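Asker: 3D, please:
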Amino acid sequence: MISRALPRRALATFAGLALIAAGALTVLPASAASHMLPAGAQTPTPTATAVATPTPTPTPTPAPSKRFTTVGTPTVSGTTTVGRTLTAVRGTWSPTPSTFRYQWLRGGSAIAGATSATYVATAADADQVLSVRVTASRTGYVTTSATSSGRTILRAFTASPAPVITGTVAVGRTVTATHEAWGPSPVALTYQWYRAGSAIAGATAASYKLTSADAGKAVSVRLKGVKTGYTSVTRSSAAVTVPRVLTVPSRVALSGTPAVGSTLTASPGTWGPSPVTLRYQWLRDGASIPGATAKTYKLVAADAGHEVSVRIGGSKSGYTSVSRTSATVDVKWAFTSAPTPTVSGSVAAGRTLTAVIGTWSPTPNLGYQWRVDGAVVAGATSSTWRVPEWAAGRAVTVTVTATKSGYLTVTRTSVKRTASWSLGNVLRPGIPMRAGTYIASPNGTYRFTVQGDGNVVLSRSGTPLRTTRTTGTAAPVLLLREDGALAVYSTRDGRAAWGSGTNGYAVAGLTLDDNGQLRLVEVDGLSTWTGKKLPAYSDASAAGSGVPGKYGWAFPIRPSATMTTYSGHSGDDFAARTGTPVYAMRGGTVTVQEIWITSGCPSWAPNNTRQKQVLVKTTIDGTEFVLTYAHLSAFSVKNGQTVKAGQKIGEVGSTGCSTGPHLHLGVKVDGVAKLLYPRDLLLGASY
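Answerer: Down below sits the predicted model:
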């Protein structure tokens with residue numbers, strides 16, 4: 001420190017020396033120099049002598065006083081795994097800094113040289129916490145730093161292969177996610193299956209059974225690996241498209257005779273959606289038969305003793321191919337000769353018939369079965385058979401079955417032969433006489449029979465003589481009971497319509513002789529009852545002997561027709577061309593009608609015209625019959641007119657509720673419909 005006692009001149013001199021020492025020599029004007037003197041000092045006389053003056057000291061720059069209004073919050077983006085690149089995200093600053101500087105930190109300490117916005121994590125960073133410090137600068141603002149939160153750097157798997165879907169890709173089949181080993185071992189692996197990019201609920205196993213919901217969709221699987229200290233990794237497989245499912249029959253079949261030399265035909269059923277390409281492969285004992293790839297296959301000698309089936313495969317683009325295999329057939333040899341048997345003998349009650357088999361080759365073992373109207377006759381299993389009385393008027397056949405080891409069993413049935421309607425001239429106790437069957441006098445002149453309308457008639461050469469007057473009995477039968485009673489019954493309701501009143505007699509039978517005497521004969525030869533007790537026949541409404549018909553009923557259509565009936569139908573239908581004549585089955589009073597059918601007409605039957613129909617009413621033995629002839633195209637009678645049996649009453653048509661030209665004929669008995677049908681009165685579906 002300079003002493004205050006030091007003279008001012010000395011101070012000035014010292015100051016000058018200081019300026020000189022600083023290397024600044026300045027010639028100051030007098031005015032300038034005067035400013036350097038203390039107050040009150042006398043200004044020296046200026047001289048021309050150069051004087052050294054010091055350089056002024058620079059004024060210090062003022063410290064920045066502004067601060068950033070918004071300081072960004074830095075973050076670290078990227079996968080925090082060794083070898084992966086991390087990026088510093090500065091955050092939002094305000095106002096915008098002019099420059100940013102970066103410093104990456106490991107465990108809070110700066111990493112040498114890591115001063116860019118990105119940083120590649122190294123092995124030294126494994127298990128360490130990395131962060132980044134961002135420093136922002138702007139003129140006039142306080143330089144400010146902010147540090148991100150830390151992120152732990154994990155190791156990377158040394159192996160993380162993607163899965164591959166293996167297995168048959170089809171609905172109902174199981175596919176599996178297969179892959180190579182992940183490392184370092186052990187690695188916890190989890191699975192998730194996807195359908196069209198969406199996770200399938202519950203499908204989290206290595207395998208997955210494809211369902212109908214997958215049909216037509218892309219299916220994939222994602223594999224995720226997890227291990228402590230390592231970054232979790234997810235790998236996805238390539239997607240596979242699941243084919244749609246064909247609509248296939250539950251089973252396929254084959255048809256044909258399974259014998260060598262015969263041809264089998266495959267029946268594939270319905271496959272869809274159409275078109276579906278079908279392929280055939282015939283199998284012998286389950287193995288493919290070379291070249292047998294057609295829909296049909298002719299059995300050869302090699303098939304004998306083996307099982308043959310057919311496998312049918314269906315294919316269509318975008319759909320899973322499917323195959324179905326038929327049931328097997330056991331192929332055998334065929335008989336080289338297998339003739340149809342014939343029936344030899346008179347087919348009549350009490351007569352014996354013989355089955356004529358012809359020549360079979362090779363010789364088989366034969367079995368026999370006699371049938372009546374197609375039904376098996378119990379116990380009738382020999383080559384001969386005695387025709388029982390109850391078979392009268394019915395169709396008789398014999399069936400022969402041939403068997404031989406290694407050969408196809410063959411069944412042959414003879415043509416039908418109708419047993420005589422005649423029961424001879426005696427009706428034995430316990431033998432029912434059905435409608436149409438009869439006993440006749442030995443000379444054939446007289447007959448005693450049950451008619452389809454329930455009347456029992458004694459006739460001579462077709463002309464009725466006497467009757468039980470039981471007309472209207474449904475499904476009638478005449479029975480000579482074991483107790484001696486002769487009676488007429490309705491087999492439909494069991495009602496007794498007439499009885500002889502001979503209960504308690506030991507009768508041998510009902511006989512008819514050449515004189516027309518009808519007698520119920522006791523075992524001792526006495527007559528208990530005779531036909532004279534029957535009332536004389538007096539039915540004027542019946543058809544005469546010259547009118548085509550049966551049992552007093554004329555045929556409605558001539559010369560023949562076929563009747564058709566349906567469940568619940570109120571009569572029988574006779575198909576015929578429009579204009580075919582229609583005749584009255586019985587005489588009576590006519591009612592002519594043209595009516596609209598207002599109910600009961602099905603939607604498939606046209607009903608656009610009035611129905612033309614004729615009703616004929618007659619009374620027989622106190623029973624009222626009304627026959628309705630419907631769907632006519634024209635009338636041949638007038639309302640209230642009286643007609644005879646066999647008289648033309650109209651022509652076939654298709655009026656009213658009808659699908660085509662035909663005659664509908666219904667019968668009411670005392671106002672009750674469906675009690676009798678034309679087929680009952682005429683005995684059969686055709687005549």
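Asker: Could you check how many residues crowd around Val233?
Answerer: Counted with other CB atoms under 10 Å, the neighbours of Val233 add up to 18. (C-beta placed from N, C-alpha, C; glycine too.)
Asker: Same check on Pro273?
Answerer: 10.
Asker: Surely it touches Thr247?
Answerer: Yes. Assessed by CB atoms under 8 Å, Pro273 is found in contact with Thr247 at 6.8 Å.
Asker: Arg151 and Leu105: what is the separation?
Answerer: Using CB to CB, to the nearest Å, Arg151 is found at 11 Å from Leu105.
Asker: Gly588 too?
Answerer: Counting by CB to CB - Gly588 and Leu105 are separated by 125 Å.
Asker: more neighbours, the two?
Answerer: Gly588 (23 against 18).
Asker: Common neighbours of Arg151 and Leu105, please.
Answerer: Here Arg151 and Leu105 share the contacting residues Leu130, Ser131, scored by CB atoms under 8 Å, 6 or more residues apart in numbering.
Asker: Distance from the strand ranked longest in the chain to the middle of the chain?
Answerer: The strand that spans the most residues within the chain, counting by DSSP state E, is strand 623-635. The chain centre lies 48 Å from the centre of strand 623-635; the measure is CA atoms, centre = their mean, to the nearest Å.
Asker: can you check stretch 114-123 too?
Answerer: 67 Å.
Asker: can I get the CA coordinates of it in PDB?
Answerer: The C-alpha coordinates for stretch 114-123 follow below in PDB (Å, rounded to 0.1, in the frame of the first residue of the first chain):
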ATOM      1  CA  ALA A 114     -21.000 -40.300 -24.300                       C
ATOM      2  CA  THR A 115     -22.000 -36.800 -25.300                       C
ATOM      3  CA  SER A 116     -24.300 -37.200 -28.300                       C
ATOM      4  CA  ALA A 117     -28.100 -37.500 -28.400                       C
ATOM      5  CA  THR A 118     -27.800 -41.300 -28.900                       C
ATOM      6  CA  TYR A 119     -25.900 -44.000 -27.100                       C
ATOM      7  CA  VAL A 120     -25.300 -47.700 -27.800                       C
ATOM      8  CA  ALA A 121     -25.500 -49.600 -24.600                       C
ATOM      9  CA  THR A 122     -22.400 -51.700 -24.000                       C
ATOM     10  CA  ALA A 123     -21.600 -54.800 -22.000                       C
END
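Asker: Tell me the buried residues in it?
Answerer: Ala114, Tyr119, Ala121 (16 or more other CB atoms under 10 Å).
Asker: how long is stretch 213-233 end to end?
Answerer: Using CA to CA, to the nearest Å, one end of stretch 213-233 lies 29 Å from the other.
Asker: Just send the buried residues of stretch 114-123 back as a markdown table, with secondary structure, distance to Glu651 and pLDDT too.
Answerer: Output for these, formatted as a markdown table (DSSP: H, G, I helix; E, B strand; the rest coil; distance: CB to CB, whole Å; pLDDT from 0 to 100):
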| residue | secondary structure | distance to Glu651 | pLDDT |
| --- | --- | --- | --- |
| Ala114 | coil | 116 | 97 |
| Tyr119 | strand | 111 | 98 |
| Ala121 | coil | 108 | 96 |
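Asker: In which helix or strand does the nearest residue in space to Thr168 that is not next to it in sequence reside?
Answerer: Distance criterion CB to CB, 6 or more residues apart in numbering; nearest residue to Thr168, sequence neighbours excluded, is Val175 at 7.5 Å. Here Val175 sits within strand 174-178, counting by DSSP states H and E.
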